[in-house]
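# sequence and predicted structure, then a few things I'm wondering about:
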Amino acid sequence: MIRAEGTKRAGWRQRMQDLSARCARCGKCQSVCPVYDVFHREQAVARGKVALMKQGALGRLPAGLSPHRWIYMCLKCLRCQSTCPSGVDFAALQRLARSRYALRSPVPVVARVGARLMLGRRWLFDLTLRAFYLAQKAAGLSRLPPQRHVILLNSLNKAVPKIARRTTLAKYASRERGDDRTVAFFTGCLMNYVYTDAADCAIELIRKAGWKVIVPRGQVCCGAPLASLGDENGFRMLARRNLEALRRVGARYIVSGCASCASTLRMEYGTVLGDEAAEMGESVLEFSQLLDRSGFKPAKKLQESVTYHDPCHLGWVLAEKGAPRRLIAQAAAMAEMDGADLCCGMGGVFSSFNPAVSDLIAEKKVSAARRTGAATLVTTCPGCMMQIEGQFLKHHADIKVEHLAQLLARSER
Amino acid sequence: MDDLILRLKRALGTECVSTDPAELVAYAYDATGLEGRPRAVAHALNTRDVSVLLALADEARVPVYPRGAGSGLTGGSVPSQEGIVLDLSGMRRIVSIEPENLTAVVEPGVVVAELQKAVEKVGLFYPPDPASSDFATIGGTIAECAGGLRAFKYGVTRDYVLSLEAVLPGGVMFRTGTATMKNVTGYDLTRLLVGSEGTLAVITQATLKLIPLPESAAAALAFFKSEKEAIESVNRIVAAGFHPRALEFIDKNTYEAVYGHEKFDYPPGVEGTLLVEVDGPKCYVGGALDSIVELLRAGGAFKVAEARDAPSREELWRFRKAVSPALLSRWAARVNEDICVPRSRLVETFAALHRIGLEQGVEIANFGHLGDGNIHVNILLKTHESVEREHAHQVAVLIFKETVRVGGTLSGEHGIGMTKAAFLDIELSKTVLELMRSVKRLFDPKGILNPGKVFPMESRGERE
C-alpha cells in the first residue's frame, strides 16, 4: 500500500518535471502576461510559476501558502503558452499543480466541492439556476439592466445578466444523429443559462450557412472551471461525458459559441483522455471559424460602429484573429481598439477570487473601448461578455456588449 | 544579513523588500539555466531607493545583484553567492522624448520594445533590437551592451547611449556624459558603464540617442546550395556599396531544424540561407533590393524570396525567429556562444567550426548576424546530462581559441557574466585584465556589486 502510494507520487512528480523542463527561461512570457503587467513580480509570470513547479517536482517547494497563492494568481488566458518559443504546456502544468496541491489551494474547499456537485449534475444545475431566475424575477431585477453579481457571492465586481427563463438545452437538445453536413453545437454553461439569445442567434446563423445543427443531449460543462479549481478528476469526468455525448452525433464539426469551451475541447481534452479525445479535438471549431470557413455572407451592412475584443482563448490559444474580423467587417463599421487582444481580466474563476486584480486588468479594456467611440463591443466568448458588461456598468461606459452571433443576426434581419 | 534586510525593509518599505520564499525561487535565475537563490529581493522604484540600498549593503558588505527582466544569456543577474537581488524593472517610466534633440530619457526598467513603439509614434527610431526586445529592459541591454538584428548598419546599444545616471556602491549618485551628440570632456565613463554587466555601478537613468525613422524597408531571403557561397555573398553585398540593416545567416543544421519544426514554403536541400534587409527612403529601397537580389543570384543563390511590404517582411522574419525554438524542439539543450570575428575571416572561421565539430564529435548549428561577423555557435546536446554539457564547454574553449586567433572576440553581444568568466584570459592580456580589475576596485572597493561576474573566480577571494 505504501509502495503503491510512493510510485503514484513519483509519477506526477516526474510528469511535472518533464513538463517544466521544457521552459528555456527566456522570459518572453513577461511580454504578454496580464498578471505580470499588474504585479511586475517574476513569480506572477509563467516562467516564475514554472520555476516553482520545478521545485515542487523535486519535492522542494517552499513551505507555506505563498507558492500556492502565486500559482493560482493566473487567468489561464494561456497567452504565455501561445507565445512560448519552447512550447511549454502551461495549461497542463497549471492543472497538475492545482490538483496536486489542492489542500493548500487559496480557493476555499467549499467552492471546489460545490462546483463538482453542480457541474456534474445537470438537474441540480438546472434547479439552482431556476431558483436564481425566480429570485431575480421576484426581486424585479430582470427588468433592469445587468446587475451586480448576486450568484457568486464574493465577486461583487461582475454584472450578472438576467438568468434566462428557458435554457438553450431545454429548447434544442436532442439525441439525433448527424452526417457530414451536420454541426454538433456545444452550448457551454453561460450560453445555456444566461446568453440564450446569443445561442439562438448562433444556431440560426449556422443553419443559414448551410449546416444542419444538432445540440446533443447529455453535454455538460466543458470542465474548465473544475480544472481551474484544482479538481482534475472532476475535469476528466466532465470531459469524458462530453466526449461521449458529442462523438455519438457523428457530426462533421463540433462548434461552440464560447471561445473558452472551444479551446478546452480542442486543446485540453486530448491531454486527459488521450488519442480519441485529441482526434475529436481536431473537429472542434469556434463559431466564427465555422462561419468564416463556410463562406457565410451577412445580408446587409449595418450603419453602426462596432469594436471587437479578442477572447484570449480564441485570439491566442486557437490563434484566430482573422475570422471574427472578416465577419464583422461585412456586417458593420469596424472600429479597431488599441490592445484588442489584451485580456479582459475575467479568467473564469480568477475574477471571482481576485476581483481587485481583475479590475486593474479590465481598466485598459474599458478605456480602449471608449476611445473608439463605438456603440457596440462585440466578442465571441460569453465569459468576456459578462466581465466586460460588468466593467462597463462599473465605469458608466455606455457601450452595448454583444456576441458576434447577435450582431450578425441583426444584420440578417 | 538579517539585520541588513530589516534595515532595508524599514528604509524602502516592506512591500519593496521581499523575503517571500516563492519570490526568492523566482529571482534565482536568468535565461542561462544557472541558479542562485538570493536572501531577499529589493524592488527599487526610484534612484533614492537604489542609493539607500547600495549605501546599506556596502556598509554591511553584502553582495547586490542588479536585475532587469532576467533575460540575460550569461548569468549576469544571477546571484553567485548569498546576497540581495536588486530588481529595477519597477523603474519603468519613459521620462521624456525630445524630437528636437533626437533623444529620449528613460528609467532602466523600460522594456526595449515599449520605447521603440513610443518613439516610432513620433517618427523616431531606436535601432538596437536584440531578439529579446519584447521583454528585455533598457537597463539590462545597456549593462550587457546588447546588439541584435540591425547592428550592421546601426551599431549596438553603446552607440545610442549619450548619458547615464548611476549609483556607486556606497550610495553616491553621479552622471556621466551629456545629452549632446558630441562630448570629449574627460574620460568617456558612459562607454565604460555600457557593457560593464552591473559590476561597476547601478544605472538608474539613461539618455538615449534616437534617429529619424526610416521611411520604408524591404527584405530578401536567399537560399544557397553551398555555405561558402552564402557567406561570401555578405562581402559581395558590402563591396557593392550597400549597407543593409540586417544580414542574417542560417546554416544547414539550423535550417533543417526549422524546416522540420514549422511549415514554410521553402526548398529542401539548403546548405545556407541569407536574410538581407535594407531600409531608407521609398525611392531608394526598391532599387537597392533589386540590385541585392541580383548580387545574391550571381553569388550562387538558387532561390530568392523577396518581401517588399510589411506583412511579407514579417513572414521572412518569422522564419529567422523560429530558429531558437526549432533547435530546442529537436535537441535536448544547447550551449549557445556568440563569437564575433572580422568579416574578412568569416569563411575561415566557419571552416574551423566544422573541423572542431567533426573532431570532437558534436553537432553544431551556426546562425547569426553575419554582417557584424557575429556568429551564434550552438553546440547541440542530445541529453540533459552533465557529462555531455561538460564536453560541450570544452568544445567551446577550442572555439574561443580559434576565434581569438583570427582576431575575434569571445562575446559579441551576450556578455561574459558567469558562463565565460573563466575564459577571459584567452582573449585579454595580463596587463588589460589587471587594468580592468583596477577599474573594478576603484568603483567598488568592497566588491559588493555583482561579484563573480566578468572576472575569473579568484576575484571573489580578493574580496575577503
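Nice, thanks for sending it over. Numbers count the residues shown, from 1 in each chain, chains lettered A, B, ... in the order given.

# so which bits of chain A are right by chain B?
Within reach of chain B by Cβ under 8 Å from any Cβ of the partner chain, chain A has these residues: A:21, A:24-28, A:30-31, A:40-43, A:47-48, A:51-52, A:55, A:62-64, A:66-67, A:69-70, A:85-87. Using the backbone N, CA and C atoms, a C-beta is placed for each residue, glycine as well.

# return the residues in contact with residue A:31.
If you count contacts by Cβ atoms under 8 Å, 6 or more residues apart in numbering or on different chains, residue A:31 has them with A:83, B:111, B:113, B:134, B:135.

# could you list the low-pLDDT ranges of the chain?
No chain specified, so I'll use chain A. Flagging of chain A using pLDDT under 70 yields the residue ranges A:1-10, A:140-160.

# my question was about chain B
Where chain B drops into low confidence, which here means pLDDT under 70, it does so at B:457-464.

# run the last query once more with 50
Scanning chain B for pLDDT under 50 picks out B:459-464.

# show me it divided up by domain.
Recorded structural domains for chain B (assignment: automatic domain parsing) are B:2-87, B:94-212, B:216-324, B:331-418, B:423-459.

# mind putting these in CSV, mean neighbour count included?
Output for those, formatted as CSV (neighbours: other Cβ atoms under 10 Å in any protein chain shown):
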stretch, mean neighbour count
domain B:2-87, 21
domain B:94-212, 20
domain B:216-324, 18
domain B:331-418, 19
domain B:423-459, 17
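
# please convert these to a markdown table, extending it with distance to chain A.
As requested, the domains of chain B are exported to a markdown table (distance: least, Cβ to the nearest Cβ, whole Å):
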| stretch | distance to chain A |
| --- | --- |
| domain B:2-87 | 3 |
| domain B:94-212 | 4 |
| domain B:216-324 | 6 |
| domain B:331-418 | 7 |
| domain B:423-459 | 18 |
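
# wait, residue B:81 sits on residue B:63?
Yes. At 5.9 Å, residue B:81 counts as touching residue B:63 under the criterion of Cβ atoms under 8 Å.

# about what we covered before: inside helices: which ones of the contacts of residue A:31?
A:83, B:113 (DSSP state H).

# for the contacts of residue A:31, work out which two are farthest apart.
Comparing all pairs in those by Cβ to Cβ, the longest separation belongs to A:83 and B:111, at 14.5 Å.

# so what's the spatially most central residue of chain A up against?
The centroid of chain A falls nearest to residue A:260 when counting by Cα atoms, centre = their mean (2.8 Å). With contacts taken as Cβ under 8 Å, 6+ apart, residue A:260 has the following neighbours: A:188, A:222, A:224, A:311, A:313, A:348, A:381, A:383.

# the residue nearest to the spatial centre of chain B and residue A:175, how far apart?
When chain B is reduced to its mean C-alpha position, the nearest residue by Cα atoms, centre = their mean turns out to be residue B:146, at 3.3 Å. For residue B:146, the distance to residue A:175 (Cβ to Cβ, to the nearest Å) stands at 62 Å.

# on that earlier part again, TSV for the contacts of residue A:31, including distance to residue B:436?
Supplementary listing: the contacts of residue A:31 in TSV, determined by distance: Cβ to Cβ, whole Å:
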residue	distance to residue B:436
A:83	39
B:111	30
B:113	32
B:134	32
B:135	30
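
# which member of the contacts of residue A:31 is positioned nearest residue B:38?
Lowest distance from residue B:38 to these (Cβ to Cβ) belongs to residue B:135, with 20.6 Å.

# related to what we said a few turns ago, identify the contacts common to residue B:81 and residue B:63.
residue B:451.

# what's the helix or strand containing residue A:111 in contact with?
Element membership for residue A:111, per DSSP states H and E: helix A:109-119. Contacts of helix A:109-119 with the rest of the structure, by Cβ under 8 Å, 6+ apart, involve A:102, A:105, A:124-125, A:128, A:189, A:220-221, A:223, A:225-226, A:229-231, A:234, A:238, A:349.

# switch to 10 Å and redo it
Residues external to helix A:109-119 that are found in contact with it (Cβ atoms under 10 Å, 6 or more residues apart in numbering or on different chains): A:98, A:102-103, A:105, A:107-108, A:124-129, A:152, A:154, A:189, A:220-223, A:225-226, A:228-231, A:233-235, A:237-238, A:349, A:352-353.

# residues in contact with residue 13?
Just so you know, I chose chain A. Listed by Cβ under 10 Å, 6+ apart, the contact partners of residue A:13 are A:56, A:57, A:58, A:59, A:96, A:100.

# um, chain B though
The contact partners of residue B:13, by Cβ under 10 Å, 6+ apart, come to B:43, B:45, B:49.

# turn those residues into JSON lines, including distance to residue A:113.
As requested, the contacts of residue B:13 are arranged in JSON lines below (distance: Cβ to Cβ, whole Å):
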{"residue": "B:43", "distance to residue A:113": "38"}
{"residue": "B:45", "distance to residue A:113": "42"}
{"residue": "B:49", "distance to residue A:113": "45"}
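
# so which of those are in strands?
When DSSP state E defines the strands, the subset of the contacts of residue B:13 inside them is residue B:43.

# helix or strand: which one has whichever residue of the stretch 301-450 of chain B sits closest to chain A?
Using Cβ to the nearest Cβ, the closest approach of the stretch 301-450 of chain B to chain A is made by residue B:325 at 3.8 Å. Assigning secondary structure by DSSP H and E places residue B:325 in helix B:323-330.

# equivalent analysis for residue B:192, please.
Counting by DSSP H and E, residue B:192 is found in helix B:189-193.
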